[in-house]
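J.: Could you work out the structure for the sequence below:
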Amino acid sequence: MQNFQHKSQRRRKRGVLLTHEGLERFQTAKLDSEYIDNCGQRYTLEDLRERTGVSTDTLTKVLAGDCRVDKQTLRYCFKAFGLDLNSTDYYIPELTDKSHVIRAQTHMTPYDIAGGPLSVTSPLYVERPRTEKAIYQALEQPGTLIRIKGASRSGKTSMIARIAHESMARGYHPISISFQLAEKKILNDLDKLLQWFCASVSLAMGATPTLDNYWNTLFGSKLSCKIYFEQYLLPMTQRPIVLLLDDVDRLYQHPDVADEFLYFLRNCYEEAKTTEIWQLMRFVTSQTFESYVPLHGINKPPFNIGIEIVGSPKRVRMHCNGG
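T.: Numbers count the residues shown, from 1 in each chain. Coordinates of the predicted model:
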């Protein structure tokens, strides 16, 4: 009986875990494959199961890094993305000084494993040092505009979260607005859209929306929105505001409204060059390639300005446009 328990304990201790280096190699190869072979779509656990031949439960263990798996499982996972398993990619827990191992599961969340937006501390996020440095430097410029374009599920929302985190660390006030939260009846009406926009920013700043005091049908929606920012929202803070607009492409289903909204953003960008109060603003937008439609605001005026970031999570291209 004792001999059986001893063998059982030895079996339970068998297996390896991914090192941080191994997990990063695997994730980078997976992200490249998603961009090249899967039209930019993130692989689900079911997709990974079919590609690697490893069960979804075991794949979850591999990605989370908190349960031992056998070395052959890791070989299957790596081979599926054209990688050889190296000795630096894994370690045997009971034979390793854990103080020298960066555990892969540190700060992991269910989104990290399942393929959703990554937390700012996730080890699965692929760093882009040069690009991120350029973005953070641009945020120091009053009125800057940064436009992020990429395939669906290519990491745009994760990058937005990182920019928000860095903005807060610099003493700025990041405000994230996702157009996924706007109903279709709002997106189809410029007046409703700009009122929703103003109210969303107000709540994010901890202010009560008071649109009736500033909205004037004679002035129109865009001028009313501009006045609302100038006379109500911006005077209540001295910190730079980083306005992060995610899923802007939802607007493109309503070209006339999208065109007007983008003209409004361009006007705000131009105001920062000459008007002191608008110099508090920084703008970051995010959109997908797939939703492009013939629209003035996408590839020509009014929205061919600022810094544009284009690419997959690994292959990123940047260029600046004039105002």
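J.: buried set for the longest helix along the chain?
T.: Ordering each helix of the chain by length in residues (DSSP state H) puts helix 255-274 first. Within helix 255-274, the residues scored as buried using 16 or more other Cβ atoms under 10 Å are 257-266, 268-269, 271-272. Every C-beta, even on glycine, is put in place using the N, C-alpha and C of the backbone.
J.: Let me know the angle separating the longest strand along the chain from helix 255-274.
T.: When the chain is scanned for its longest strand (criterion: DSSP state E), the result is strand 281-288. Using axes from the mean of the first three to the mean of the last three Cα atoms, to 10 degrees, the inter-axis angle of strand 281-288 relative to helix 255-274 is 150 degrees.
J.: Only alpha carbons, please: show strand 281-288 as PDB.
T.: Taking C-alpha atoms only, strand 281-288 is exported to PDB below (Å, rounded to 0.1, in the frame of the first residue of the first chain):
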ATOM      1  CA  MET A 281      -7.000  67.100 -24.800                       C
ATOM      2  CA  ARG A 282      -5.200  64.100 -26.400                       C
ATOM      3  CA  PHE A 283      -7.100  61.800 -28.700                       C
ATOM      4  CA  VAL A 284      -6.600  58.100 -29.400                       C
ATOM      5  CA  THR A 285      -8.900  56.200 -31.800                       C
ATOM      6  CA  SER A 286      -9.100  52.500 -32.600                       C
ATOM      7  CA  GLN A 287     -10.700  50.800 -35.600                       C
ATOM      8  CA  THR A 288     -10.500  47.600 -37.700                       C
END
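J.: what mean pLDDT does the longest helix of the chain have?
T.: Helix 255-274 shows a mean pLDDT of 91.
J.: next one: stretch 241-249
T.: pLDDT averaged over stretch 241-249 gives 91.
J.: Now do the helix or strand in which Ser167 is found: which elements does it pack against?
T.: Taking DSSP states H and E as the criterion, Ser167 maps to helix 156-169. The helices and strands touching helix 156-169, judged by 3 or more Cβ pairs under 8 Å, 6 or more residues apart in numbering; DSSP states H and E, are helix 129-138, strand 145-150, strand 173-178, strand 241-246, strand 281-288.
J.: The last one packs against which elements?
T.: With contacts defined as 3+ Cβ pairs under 8 Å, 6+ apart, the secondary structure elements packing on strand 281-288 are strand 145-150, helix 156-169, strand 241-246, helix 255-274.
J.: can you do 6 Å?
T.: strand 145-150, helix 156-169, strand 241-246 (3 or more Cβ pairs under 6 Å, 6 or more residues apart in numbering; DSSP states H and E).
J.: Give me the buried positions along the helix or strand that Ser33 is a member of.
T.: Taking DSSP H and E as the definition, Ser33 sits inside helix 20-37. For helix 20-37, the buried set under the neighbour-count rule, 16+ other Cβ under 10 Å, comprises 22-32, 34-35.
J.: close enough to count as contact, Leu74 and Asn86?
T.: No: using Cβ atoms under 6 Å, Leu74 is not in contact with Asn86; the gap is 10.3 Å.
J.: out of those two, which sits in the busier spot?
T.: Leu74 (23 against 12; other Cβ atoms under 10 Å).
J.: Now do the more buried one against Pro93, distance only.
T.: 14 Å (Cβ to Cβ, to the nearest Å).
J.: circling back: so which of the helices and strands packed on helix 156-169 comes closest to Glu230?
T.: strand 281-288 (10.7 Å; Cβ to Cβ).
J.: Just want the angle from that closest one to strand 145-150.
T.: 10 degrees.
J.: Can you tell me the strand partners of strand 281-288 and which way each runs?
T.: strand 145-150 (parallel), strand 241-246 (parallel) (DSSP bridges).
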